[in-house]
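[1] What follows is a protein structure lacking sequence information:
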């Protein structure tokens, strides 16, 4: 489900820039059911396609999601302005309500850095790929209380994740990346220049 442009417009400019709408791989957090993010790749829900009711129009109640069962009972919760999807649904069989609640994941993707990398199965051909992209996730009905509040999940590279970062954990990762960037710039870059000069001086073409 694509985000509603009218709802995205509610974000301040800075916040909108921080939360670009992307559809990338989802973090494999334990005890959380995640849909694949490409609409064409989303698998059928366990209830089967025939039982799946038509979803209510997105963002019909700003700030609130609501799941309504076949009997008319409702369960509602807070829908963050940054969440890309609205889990609201109608005519859900009562015995599937717990499944739907467990499946709720408020998420927003953020961009990484595109670099030229060589994968083990690339047959020697370098390709452009994105590293250190990720998501802000909040999964209000999972077993782990630490994941019921917003956390950051970072995909370092394909299928390699740093999961469940709170604000302090995220700043630790940022500090480590800053330190590595400083090492590359202040130590490795001049060392590379010196090594190339030495090689040129002692090695004929």
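    That came in fine, so what should we check first? The structure presented is a predicted model; accordingly, all values stated were derived computationally and were not measured.

[2] if you average pLDDT over the top helix by length along the chain, what comes out?
    For the chain, the helix with the greatest residue count under DSSP state H is helix 167-183. Averaging pLDDT along helix 167-183 yields 98.

[3] That helix packs against which elements?
    strand 151-157 (3 or more CB pairs under 8 Å, 6 or more residues apart in numbering; DSSP states H and E). (Glycine included, C-beta is placed from N, CA and C.)

[4] what's next to the strand it packs on, contact-wise?
    Applying CB atoms under 8 Å, 6 or more residues apart in numbering, the external contacts of strand 151-157 come out as 24-25, 27, 29, 112, 117, 129, 131-138, 161-166, 169-170, 173.

[5] Could you rerun that using 7 Å?
    25, 27, 29, 131-137, 161-166, 170, 173 (CB atoms under 7 Å, 6 or more residues apart in numbering).

[6] just for this protein, where's the confidence low?
    Within the chain, the segments meeting pLDDT under 70 span 1-25, 28-62, 122, 205.

[7] Provide a complete list of residue ranges assigned to helices in it.
    Using DSSP H, helices in the chain cover 5-8, 13-18, 97-102, 167-183, 189-202.

[8] Now do the buried residues in the fourth one.
    Neighbour-count burial for helix 167-183, counted by 16 or more other CB atoms under 10 Å, picks out residue 170.

[9] now that helix against helix 189-202, angle please.
    30 degrees (axes from the mean of the first three to the mean of the last three CA atoms, to 10 degrees).

[10] what's the angle between helix 167-183 and strand 151-157?
    Going by the same axes, to 10 degrees, helix 167-183 makes 30 degrees with strand 151-157.

[11] just to revisit the earlier point, out of the helices of the chain, nearest to residue 108?
    helix 13-18 (8.7 Å; CB to CB).

[12] what's the closest non-adjacent residue to residue 93?
    Nearest non-adjacent residue to residue 93, counting by CB to CB, 6 or more residues apart in numbering: residue 70, 5.8 Å away.

[13] go on, residue 102?
    Nearest residue to residue 102, sequence neighbours excluded (CB to CB, 6+ apart): residue 141, at 5.3 Å.

[14] For the one you found, give its distance to residue 120.
    37 Å (CB to CB, to the nearest Å).

[15] Same question for residue 181.
    In terms of CB to CB, residue 181 sits 25 Å off from residue 120.
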